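# Whatever this is, show me its structure:
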Amino acid sequence: MVELTRRQEIESAASSLFHERGYAGTSVRDIARAVEIQGASLYAHVASKQDVLWAIVRTTAGRFEVAADAVEAAVPGAIADGQGALLSALVRAHVGVVTEDIERASVFVHEWRALEDERRQEIALRRDAYEARFRAVVANGVRTRAFVCVDPPTTAAYILTALNGIVAWYRPDGRLSARSIADAYADLSLRAVSIDEGAG
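Next up is the predicted model:
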């Protein structure tokens, strides 16, 4: 079992508290109490509550990006059969990041706007760039007539809104496994863009 550093313990405790109470509803004293140290001692490990939020959001943004990079690197190997497979793989990768650490994912989805201006702007740009990957896949699918003629920005926003909504209800010990959820969301995402072969 890997022993966590004090900084990792603080970030883990803060993730849980921010997920449960929100950033604004969590004090430095709350975080310190969760890791069983004095409030003033917390500052020996982190600069501020804002610094902790930044570390959580930045790291989680990186996990989404790395997961998407791995999917895109698989082209034209495992994802050689078209945009549908690529979209499905991106959806599964996103669900994987969300369900692997639901608390940090929840903080990333809901609390990033609490970051200070410069940091919030950086994350906004990274979120836009990440969403652009989904837009590009949808646009390519429409262009090649693999997908029905949908608006790529709207469709990408629709899919990601649904995926990010998982943070509100997923429980590791719940009825559905992470894999089952990934399967279901990949299927639903593809249905949103699939051409009805029986139409016309």
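
# Number of residues surrounding the nearest residue to L42 once chain neighbours are set aside?
Distances taken as CB to CB, 6 or more residues apart in numbering place A32 nearest to L42, at 4.5 Å, with adjacent residues excluded. Using the backbone N, CA and C atoms, a C-beta is placed for each residue, glycine as well. Neighbourhood size, A32 [other CB atoms under 10 Å]: 19.

# helix or strand for A32, which one?
Using DSSP states H and E, A32 sits within helix 28-34.

# For that helix, which residues meet the burial criterion?
Neighbour-count burial for helix 28-34 flags 28, 30-32, 34 (criterion: 16 or more other CB atoms under 10 Å).

# For this protein, which element, helix or strand, carries the lowest mean pLDDT?
Ranked by mean pLDDT, DSSP states H and E, the weakest helix or strand in the chain is helix 39-42, scoring a mean of 71.

# any idea of the mean pLDDT for the next helix or strand after that helix?
Counting by DSSP H and E, the next helix or strand C-terminal to helix 39-42 is helix 49-73. Mean per-residue pLDDT for helix 49-73: 96.

# does A55 really touch I10, like I thought?
No - counting by CB atoms under 8 Å, I10 is not a contact partner of A55; they are 9.1 Å apart.

# Pull up the overlap in contacts between those two.
V46 (CB atoms under 8 Å, 6 or more residues apart in numbering).

# In terms of neighbours, single out the busier of these two.
A side-by-side neighbour count of A55 and I10, using other CB under 10 Å, places I10 first with 22 against 18.

# show me where pLDDT drops low in the protein?
Where the chain drops to pLDDT under 70, the residues are 1-4, 39-40, 75-81, 196-200.

# Which residue ranges of it form helices?
In the chain, the segments counted as helices under DSSP state H are 6-21, 28-34, 39-42, 49-73, 83-100, 102-111, 117-143, 152-164, 178-193.

# Figure out which of those is closest to R171.
Among the helices of the chain, the nearest to R171 by CB to CB is helix 102-111 (7.7 Å).

# In the closest one, which residues are buried?
102-111.

# Kindly report the same for stretch 176-194.
Going by neighbour count (16+ other CB under 10 Å), the buried part of stretch 176-194 is 178, 181-183, 185-186, 189-190, 192-193.

# And stretch 116-135, by the same measure?
By neighbour count on 16+ other CB under 10 Å, the buried set for stretch 116-135 is 119, 123, 126-127, 130, 133-135.
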